[in-house]
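# Compute the structure for the input listed below.
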Amino acid sequence: MAAVEEKCTAARWLILIAVVLCVAMGSLAEEEASDMPEPQEESATSLPRISVSPAQPYIHPDPASAILNPGDASSLSTSYDDSPPTEDDKRGQWLLAPIPSSSPSLGAGLTVIAGYVFKVNKNDDVSPPSQVGVAAYGSENDSMAVGLGARLNLKEDRWRVTTALAHGDINYTLYGQTGLTSGLSVPISQTLDGGLVKVLREIKPDFYLGLSYFYGQTEADFDIELPWWLARRLDVPRRVTDNIDSTLELDLASFGLHAQYDSRDSQFYPTTGTNFTLDFTIFTEAAGSDVEYQVFKTTYNRFWPIKERGVLAVRAMTRMSFDDPPFFGESSFGMGSDLRGYVAGRHRERMMYAVQSEYRHKFTERWGAVGFAGFGEVADTVGDFDLDVLPSIGGGIRFTLSKEHNINLRLDVATGKDDTEIYFGVGEAF
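A predicted model of the protein is given here:
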């Protein structure tokens, strides 16, 4: 039986690796084929052209969240431009970018990205550019992660394909929430090797539906110096507290259902439009998972221009986990851009929501500033939300790294209920 399980596990890894490599290599092969000249006909009527800017590498505000919550995927969007195409729009571009970051849970860190941004079909003026690349991350608390991925936009943006392989070794803290465990914590070192394949299909203009599959193996080492009954109330798994061995090993696998409506005018610095997503992720034995639970997440982002230099951005998010999620499958503030000003994992439950607004203003072509405020809650069930909200308020400075694509370096300072935190990274919070 063990030999059969090992063969099944190896087969899953081979399938994921083959899909990632075939998608990436196939896209590059199609790009080369698109270099062949095609006859062009001049239209009697000139219509505004839809073009795109190179896609921004997605750097999660807190890599621990990206590693430990594989069901939370980023979205892609299209930028609209009626300017004539340039030669840069037709050529691919190699990128090598060292990106410093700072997060409350991991401390100061550095991400190094090497990637290739390109059009799969150079005659396609609708699809955003696609990306293939590798990334490596390290932080001052000895956390690290490496990954290989591709985000492909195909057939006039009718298909959006995301594939990724990653290894992470994240050091963080499991916090007690209420009662006897309030104020207690357990240090954890957790590793994850995983792969993801996600495919979206445009059903109507700006509206996409799709599926995903994730498979990974995780190992969590607990440094426990608490009685077993107290550790259990801290959400340390029973298989750890019931045995001398303080290591938890799990296979994680999920199927995902996804929907997205995206009408933003830019994926880098939106000034108008809406981005609405629904993600339902099912961890099940049928997919190959040792634990069974479900995660349902919604996000709603809306943008309005304020005169010539300002933008008002509003975001609402809900995340709900059902059945029997492991502690890292629960919802937690501090692991993403929702409700800045909180240490990751300190406020953690099955249910979570957050609402925030942010005003963004550009003083010059390079320099700008933002101010933001929001609130949210975590609860064990929907009925436990009692409007005892967690507040967040703060501001930040922006420096434009790329004027052509409006990509900003950001420094934010946020104050929550108990702490003040500093965030440093590339791109807007949402």
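# Tell me how many other residues crowd residue 200.
Residue 200 sits with 24 neighbouring residues when counted by other Cβ atoms under 10 Å. Quick note: C-beta positions are derived from backbone N, CA and C, even for glycine.
# Repeat that for residue 108.
By the criterion of other Cβ under 10 Å, residue 108 has 14 neighbours.
# quick one: it and residue 335, what's the gap?
Going from residue 108 to residue 335 by Cβ to Cβ, to the nearest Å gives 17 Å.
# before we move on, what about residue 427?
17 Å.
# Check which helices and strands the lengthiest strand in the chain is in contact with.
Longest strand in the chain, counting residues (DSSP state E): strand 185-204. Secondary-structure packing of strand 185-204 (3 or more Cβ pairs under 8 Å, 6 or more residues apart in numbering; DSSP states H and E): helix 2-33, helix 63-68, strand 159-175, strand 207-222, strand 247-262.
# What pairs with it, parallel or antiparallel?
Neighbouring strands of strand 185-204 in its sheet, by DSSP bridges, are strand 159-175 (antiparallel), strand 207-222 (antiparallel).
# List the buried residues for the first one?
Of the residues in strand 159-175, 159-166, 168-172, 174-175 count as buried by neighbour count, 16 or more other Cβ atoms under 10 Å.
# same question for that strand, mean pLDDT?
What strand 159-175 shows for mean pLDDT is 89.
# And the pLDDT for residue 397?
In this model, residue 397 is scored at 95, pLDDT.
# Any buried residues in the helix or strand hosting it, and which?
Taking DSSP states H and E as the criterion, residue 397 maps to strand 390-402. Residues of strand 390-402 classed as buried by neighbour count (16+ other Cβ under 10 Å): 390, 392-396, 398, 400.
# Which secondary structure element is home to residue 317?
Using DSSP H and E, residue 317 falls in strand 310-323.
# what about the strands in the stretch 301-430 of the chain?
Counting by DSSP state E, counting those that start in this stretch, the stretch 301-430 of the chain has strands at residues 310-323, 331-332, 348-349, 351-362, 367-379, 390-402, 407-415, 420-426.
# Kindly reformat those as TSV containing distance to residue 146.
Converted to TSV, the strands of the stretch 301-430 of the chain look like this (distance: least, Cβ to Cβ, whole Å):
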stretch	distance to residue 146
strand 310-323	26
strand 331-332	24
strand 348-349	27
strand 351-362	29
strand 367-379	31
strand 390-402	24
strand 407-415	23
strand 420-426	19
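# Between residue 427 and residue 335, which is the more surrounded one?
Neighbour comparison, residue 427 and residue 335: the larger count goes to residue 335, with 27 against 20 (by other Cβ under 10 Å).
# distance of that one from residue 249?
22 Å.
# same question, residue 272
From residue 272 to residue 249 the distance is 48 Å (Cβ to Cβ).
# Likewise for residue 305?
According to Cβ to Cβ, residue 305 and residue 249 sit 51 Å apart.
# cool, residue 150 as well?
Taking Cβ to Cβ, one finds residue 150 at 29 Å from residue 249.
# out of the two, which sits in the more crowded spot?
With other Cβ under 10 Å as the criterion, residue 150 and residue 249 differ in neighbour count, and residue 150 comes out ahead with 24 against 13.
# Look up the residues forming beta bridges with residue 135.
Bridge pairing for residue 135 - DSSP bridges - gives residue 113, residue 147.
# tell me the contacts of it?
Counting by Cβ atoms under 8 Å, 6 or more residues apart in numbering, residue 135 touches 57, 111-115, 145-147, 149.
# Can you add distance to residue 266 and pLDDT and give these back as CSV?
Below are these laid out as CSV (distance: Cβ to Cβ, whole Å; pLDDT from 0 to 100):
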residue, distance to residue 266, pLDDT
57, 16, 31
111, 23, 85
112, 26, 86
113, 20, 80
114, 25, 82
115, 20, 79
145, 28, 93
146, 30, 94
147, 25, 92
149, 22, 90
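# ok, so of the residues you listed, who is nearest residue 133?
residue 115 (2.6 Å; Cβ to Cβ).
# about what we covered before: the inter-axis angle of the strand holding residue 397 versus strand 367-379?
150 degrees (axes from the mean of the first three to the mean of the last three Cα atoms, to 10 degrees).
# Not counting its own residues, what contacts strand 390-402?
So strand 390-402 is contacted by 333, 339-342, 347, 356, 360, 362, 365-378, 406-417, 423, 426 (Cβ under 8 Å, 6+ apart).
# So what are the sheet partners of that strand and their directions?
strand 367-379 (antiparallel), strand 407-415 (antiparallel).
# Make a markdown table out of the ones you listed and add mean neighbour count, distance to residue 96 and mean pLDDT.
Formatted as a markdown table, the strands paired with strand 390-402 follow (neighbours: other Cβ atoms under 10 Å; distance: least, Cβ to Cβ, whole Å; pLDDT from 0 to 100):
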| stretch | mean neighbour count | distance to residue 96 | mean pLDDT |
| --- | --- | --- | --- |
| strand 367-379 | 18 | 25 | 95 |
| strand 407-415 | 19 | 15 | 87 |
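# can you redo those strands as a markdown table with distance to residue 260?
Converted to a markdown table, those look like this (distance: least, Cβ to Cβ, whole Å):
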| stretch | distance to residue 260 |
| --- | --- |
| strand 367-379 | 22 |
| strand 407-415 | 22 |
